[in-house]
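In: Turn this into a model:
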Amino acid sequence: MKTLQKITLAFFVFLSINAAAQETIIPEIKYADLEKYIELAKQNFPRKKMYDVMKESSKVAIPLANLSYLDIFTGSYFYRPEDRSVLNPVNPYSVNGFQFGINVNLGNLLSKPFLVKRAKLEYKVLEYQAEEYNLTIAQEVRGRYYDYIQTITLLKLNTQMAQENKGVSESLRNRFEKGEITLDAYNQSRINQFNSMQAKIQAETTYLKAKDLLEQIIGSKLSDVK
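Out: Purely as a prediction, here's the structure:
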């Protein structure tokens, strides 16, 4: 039992020394790459494209609202041949030939300024929403990128631990075969090796998921980003 404790203690001291060089992920963060990912997300993410289309549609509605001022006026004309008798001889305004008229819809006249103003306000609202979404998507990209960097670091540590556990287990197997350590000490090393390999596989899965999430939001493979 004392031999097992010494081996375990020495192993964790060794790991602690090797892990000291990876106490932080901050040096791994490349802000130039992060800015590229944010710009790609703004260009490619479907929801961002939807906001852009909505904003453009609202922008088009403004000149259409201005042109709708013409709806206020309606023109009409009446033609009566010159060789016909007048419709009403008493009414001097009822004559032969062409008669033109323009009608003004007062309801439309009063409502048009408000409709134009509403179209402009709706466009302004969509502008603000697009600006807000730019901030939101930038923050989302940052979060996914930091998670991605974290998974890379954890994968490196777990891979290193798995390799070192494998080396320790093989060394103890040789010592066990020579009768230098007990079966319990050898079995414990195998358990440690299994646990570290399992942690490595979990770290690989977490890394792949984080990578997929980052690529999803930027709309491009990380390997394609220059």
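In: all strands of this structure, in order?
Out: Using DSSP state E, the strands of the chain run over 73-80, 97-104.
In: which helix of this structure spans the most residues?
Out: Under DSSP state H, the helix in the chain containing the largest number of residues is helix 106-177.
In: Which elements pack onto it?
Out: In terms of contacts (3 or more CB pairs under 8 Å, 6 or more residues apart in numbering; DSSP states H and E), helix 106-177 is packed against helix 2-19, helix 31-44, helix 46-67, helix 183-218. Glycine gets a C-beta too; all of them are placed from N, C-alpha and C.
In: Least reliable of those helices by average pLDDT, please.
Out: For the helices and strands packed on helix 106-177, mean pLDDT drops lowest on helix 2-19, to a mean of 46.
In: Now do the buried residues in stretch 28-46.
Out: 34, 36-38, 40-42, 45 (16 or more other CB atoms under 10 Å).
In: Stretch 153-171 too?
Out: Quick answer for stretch 153-171 (16+ other CB under 10 Å): 153-155, 157-162, 164-165, 168-169.
In: still on that earlier bit, max pairwise distance over the buried residues of stretch 28-46: which two?
Out: For those, the maximum inter-member distance is 15.5 Å, found between 34 and 45 (CB to CB).
In: If you drop the residues flanking it in sequence, what lies closest to residue 154?
Out: residue 203 (5.1 Å; CB to CB, 6 or more residues apart in numbering).
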